[in-house]
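Asker: quick one, fold the following:
(4 chains)
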2 protein chains.
Amino acid sequence: MSATIKDVALRAGVSTTTVSHVLNKTRFVAKATQERVFQAAEALNYAPSAVARSLKVKNTKSLGMLVTTTLNPFFAELVNEVEKCCYREGYNLVLCNTDGELEKTNSYLRMLTQKRVDGILVMCSAYDDSLFSSLIGQRNLPMVVMDWGPSDDYVDRIQDNSVKGAHLAIQHLVEQGHKRIAYIGGPLTKLPAKQRLEGFLEAMAQANLAIQDDWVIESDFEFEGGKLGMRQLLSCSSLPSAVFIGNDAMAMGAMSEAQLSGIKIPQQLSVVGYDNCMYSAYFSPPLTTINQPKERLAELAISTMIERIENPRQEGKMIMLEPNLVVRASVSAIPF
Amino acid sequence: MSATIKDVALRAGVSTTTVSHVLNKTRFVAKATQERVFQAAEALNYAPSAVARSLKVKNTKSLGMLVTTTLNPFFAELVNEVEKCCYREGYNLVLCNTDGELEKTNSYLRMLTQKRVDGILVMCSAYDDSLFSSLIGQRNLPMVVMDWGPSDDYVDRIQDNSVKGAHLAIQHLVEQGHKRIAYIGGPLTKLPAKQRLEGFLEAMAQANLAIQDDWVIESDFEFEGGKLGMRQLLSCSSLPSAVFIGNDAMAMGAMSEAQLSGIKIPQQLSVVGYDNCMYSAYFSPPLTTINQPKERLAELAISTMIERIENPRQEGKMIMLEPNLVVRASVSAIPF
DNA sequence: AACATCTTTGATGGTCGCAGACAAACTTAT
DNA sequence: ATAAGTTTGTCTGCGACCATCAAAGATGTT
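Answerer: Model prediction:
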């Protein structure tokens, strides 16, 4: 099969120790000897076995990432950023889509544990108890969970401030003169969905605006869910002048549905999304939305992870990220 | 740290061999003994070390995937399908975005080799010679490359039939009465871009339609590239009645730009995309596009991969996938 | 010149956790 | 008592790292 360190040593006429040392630059070796080693390695197309190495040094330089689904553009962008950070830090990323299935999640958790990844990034944004208990079984393994909060002192948590994000959205609409505002959100089993609804409710109350019951709709954070949500909204006896939508994917579905029904955005209906996915700048019209700092999120996740890997005994940190409003063209001002 | 097989053996009062055998069901062990082993494993929270195992059995049950960027929705969807297949087959997927950088690609190639992944899926769709030579250095490693064709007999290749896809698109436009057709394509350093252009040219010729030079635009397969491409197209002295766009991401950018300029789609301008990404159904209007069978692509890639892993000596296969047209609402018929 | 001491460089063998070839112990049958 | 079957154990090696040891060369001392 592939050459081992022994083969290289043999060919270079030195000991394996020497080979190891020149390859890892772990102590001084005579120039000439180094040269011989390099040549031998080259000739044999030698690639040191990370698995043997890992067995000895007890780390694998790989991280697992548990994510609901990368089909959602927000997650896709986040994974992209995480991958970039991992690469920069010399880690490999093993991608695990849970598809929201407990069994798949558990199975992956088991695999990752056995493969001895150095840590696990969790981005499932569900606060389901059963998942939770799966996770704590792995307590020994460094973990940072984003967008979700098992109240455990030994995992690090990173959260976007979703209730603030919702406030920002509503404030913007109010400033533009909107009073009749609807909401299409994600499934309440997910923390961000819950928080965004909460923020919506709060902000509406703060602005002294009435909330019409059939104008707050729970959907699923997917394209199709947005479409369905909008259809439901359009079937109401009276229509709002604006709608805040829990994420950009649903916003896209919703806008498509509205426009198919002949509704002009933003003239007849304003919409604000959430996430600021890349493509939301290319909607027709470009979407006004709440930005989640994905790059920052990924960076924090990885740096926190690495800190924890290097110092496993420290207490769990909790990091809060601040969203901000990105104004584009999907909200119109209402004249008084 | 974590318990080893030895600890389990000790606690269960048996040899490590027995533990190994009951855990792997690799030979008969008396019921009672099994029970003791399971209990011991449970009590110690034992998770067998896949790294030690891999060292011994010489496989890692993980695959590497080299992909330009998962920011592109098409790749994101493909990766998603690939991940599903991997999971089903008991493999882990390590995600490697090359971002089109040779250095990153090489670095990842090295890492994957050292980590002893069982195979590498390549989806860079560049036919750059330098990348090519990086790859053949890894000749020993099972590889299936999609969307790209290093003419090497020892790697498997899967291609979508992009020239046919382009034909389909143009035929559809022609059938709807279009004669003035433009094209915005991807960078010609990528094979699919090249093939789609080729198909466009062929199909136009077949339909006896003239090709206006400034109506064929080379862009970059990104959202923004589509936008820029459309801007360029709109600056032409005369406008086409339809445009075929090399992928859905660019189609989105292009449509957004056109609509921002007050152009009605499809009334004033028809557009056909390529890829049939999930979200293209939610454009305004929903996009007529060429479907690439992503699920099938992923399945073929993985099954081919596994075949090759099990039988490394076989000759390289070449598999061609057929695209098909998905009609939605972005093309209008032109009355004669 | 001969010996001691220090420095530079190379070799040896144990270890990580597991699998599996080989074989031993213990039953039961003949 | 021997053969055949059942159940379990011993031992080596996978490929790298590393602490320890050893040899050779350099320098100093008498």
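Asker: residue numbers of the stretch 151-300 of chain A in contact with chain B?
Answerer: Neighbours of chain B within the stretch 151-300 of chain A, by Cβ under 8 Å from any Cβ of the partner chain: A:223, A:226-227, A:249, A:252-253, A:255-256, A:259-260, A:278-279, A:281-286. Heads up, the C-betas are built off the backbone N, CA and C, glycines and all.
Asker: any stretches of the stretch 201-336 of chain A with poor pLDDT?
Answerer: Residues of the stretch 201-336 of chain A meeting the criterion pLDDT under 70: A:336.
Asker: likewise for the stretch 51-200 of chain A?
Answerer: For the stretch 51-200 of chain A, the stretches flagged by pLDDT under 70 are A:125-139, A:149-153.
Asker: in it, what residue spans correspond to strands?
Answerer: With strands called from DSSP state E, counting those that start in this stretch, the stretch 51-200 of chain A shows them at A:62-67, A:92-97, A:119-123, A:143-146, A:156-160, A:181-185.
Asker: next step: the residues of the stretch 151-300 of chain A next to chain B restricted to helices.
Answerer: Among these, the members found in helices (DSSP state H) are A:223, A:226, A:227, A:249, A:252, A:253, A:255, A:256, A:259, A:260.
Asker: which of these are buried, as a PyMOL select command?
Answerer: Burial among these is assessed by 16 or more other Cβ atoms under 10 Å in any protein chain shown; the matching PyMOL selection reads:
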select buried, chain A and resi 223+226+227+249+252+253+255+256+259+260
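Asker: so for stretch A:312-325, what gets flagged as buried?
Answerer: Across stretch A:312-325, burial judged by 16+ other Cβ under 10 Å covers A:316, A:321, A:323, A:325.
Asker: make CSV out of these and add distance to DNA strand C and secondary structure.
Answerer: Formatted as CSV, these follow (distance: Cβ to the nearest atom of the strand, whole Å; DSSP: H, G, I helix; E, B strand; the rest coil):
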residue, distance to DNA strand C, secondary structure
A:316, 26, coil
A:321, 38, strand
A:323, 44, coil
A:325, 51, strand
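Asker: closest one of those to residue A:272?
Answerer: residue A:325 (8.3 Å; Cβ to Cβ).
Asker: the residue nearest to the closest one when sequence neighbours are not counted: how many residues sit nearby?
Answerer: Distance criterion Cβ to Cβ, 6 or more residues apart in numbering or on different chains; nearest residue to residue A:325, sequence neighbours excluded, is residue A:168 at 4.7 Å. Residue A:168 has 22 neighbours, counted by other Cβ atoms under 10 Å in any protein chain shown.
Asker: mind listing what residue A:168 touches?
Answerer: Residue A:168 makes contact with A:290, A:323, A:324, A:325, according to Cβ atoms under 8 Å, 6 or more residues apart in numbering or on different chains.
Asker: how near is it to chain B?
Answerer: Look at residue A:168 and chain B: by Cβ to the nearest Cβ, to the nearest Å, they are 24 Å apart.
Asker: test my guess that residue A:308 contacts residue A:145.
Answerer: No: Residue A:308 is beyond contact range of residue A:145, at 11.7 Å (criterion: Cβ atoms under 8 Å).
Asker: joint contacts of these two?
Answerer: Residues touching both residue A:308 and residue A:145 (Cβ under 8 Å, 6+ apart): residue A:156.
Asker: around DNA strand D, pick out the residues from the stretch 1-150 of chain A.
Answerer: Contact residues (Cβ under 7 Å from any atom of the strand) of the stretch 1-150 of chain A with DNA strand D: A:1, A:4-6, A:16-17, A:20, A:23-24, A:26, A:46-49, A:52-53, A:55-57.
Asker: is stretch A:96-113 anywhere near chain B?
Answerer: Yes: judged by Cβ under 8 Å from any Cβ, stretch A:96-113 and chain B are in contact via A:96, A:97, A:104, A:107, A:108, A:110, A:111, A:112, A:113.
Asker: pull out the buried members of the residues you listed.
Answerer: Using 16+ other Cβ under 10 Å as the burial test, the residues of stretch A:96-113 next to chain B include A:96, A:97, A:104, A:108, A:111, A:112, A:113 as buried.
Asker: and these as JSON lines, adding distance to residue A:266?
Answerer: Shown next, in JSON lines, are those (distance: Cβ to Cβ, whole Å):
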{"residue": "A:96", "distance to residue A:266": "39"}
{"residue": "A:97", "distance to residue A:266": "35"}
{"residue": "A:104", "distance to residue A:266": "40"}
{"residue": "A:108", "distance to residue A:266": "42"}
{"residue": "A:111", "distance to residue A:266": "47"}
{"residue": "A:112", "distance to residue A:266": "45"}
{"residue": "A:113", "distance to residue A:266": "50"}
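Asker: nearest to DNA strand C, of the residues you listed?
Answerer: Among these, residue A:113 lies closest to DNA strand C (Cβ to the nearest atom of the strand), at 11.0 Å.
Asker: is it true that the closest one touches residue B:48?
Answerer: No: assessed by Cβ under 8 Å, residue A:113 is found out of contact with residue B:48, at 9.5 Å.
Asker: how about the residues of the stretch 201-336 of chain A near DNA strand D?
Answerer: With the criterion set to Cβ under 7 Å from any atom of the strand, the stretch 201-336 of chain A never comes near DNA strand D.
Asker: and whichever residue of the stretch 201-336 of chain A sits closest to DNA strand D, how far is that from residue B:49?
Answerer: Distances between the stretch 201-336 of chain A and DNA strand D by Cβ to the nearest atom of the strand are smallest at residue A:310, namely 15.6 Å. From residue A:310 over to residue B:49 the distance is 21 Å, taken as Cβ to Cβ, to the nearest Å.
Asker: and for residue A:316?
Answerer: Taken as Cβ to Cβ, the span from residue A:316 to residue B:49 is 26 Å.
Asker: again, but for residue A:223
Answerer: Residue A:223 sits at a distance of 42 Å from residue B:49 (criterion: Cβ to Cβ).
Asker: just to revisit the earlier point, which two among the residues of stretch A:96-113 next to chain B are spaced furthest apart?
Answerer: With Cβ to Cβ as the measure, no two of the residues of stretch A:96-113 next to chain B lie farther apart than A:97 and A:113, at 17.7 Å.
Asker: my read: residue A:61 touches residue A:50, true?
Answerer: Yes: using Cβ under 8 Å, residue A:61 is in contact with residue A:50, at 7.5 Å.
Asker: neighbour-wise, which of those two wins?
Answerer: It is residue A:50, of residue A:61 and residue A:50, that has more neighbours when counted by other Cβ under 10 Å, with 23 against 19.
Asker: spell out which parts of chain A neighbour DNA strand C.
Answerer: Residues of chain A lying close to DNA strand C by Cβ under 7 Å from any atom of the strand are A:13-18, A:27-30, A:33, A:52, A:55-56.
Asker: for residue A:98, give its distance to DNA strand C.
Answerer: In this view, residue A:98 and DNA strand C are 25 Å apart by Cβ to the nearest atom of the strand, to the nearest Å.
Asker: which ones are touching that residue?
Answerer: Per Cβ under 8 Å, 6+ apart, neighbours of residue A:98: A:66, A:67, A:68, A:69, A:104, A:105, A:108, A:124.
Asker: do the same with residue A:307
Answerer: Residue A:307 sits next to residue A:314 when contact means Cβ under 8 Å, 6+ apart.
Asker: any idea which element it lies in?
Answerer: If you go by DSSP states H and E, residue A:307 is part of helix A:294-310.
Asker: give me the angle between that helix and strand A:156-160.
Answerer: 170 degrees (axes from the mean of the first three to the mean of the last three Cα atoms, to 10 degrees).
Asker: many thanks, have a good one.
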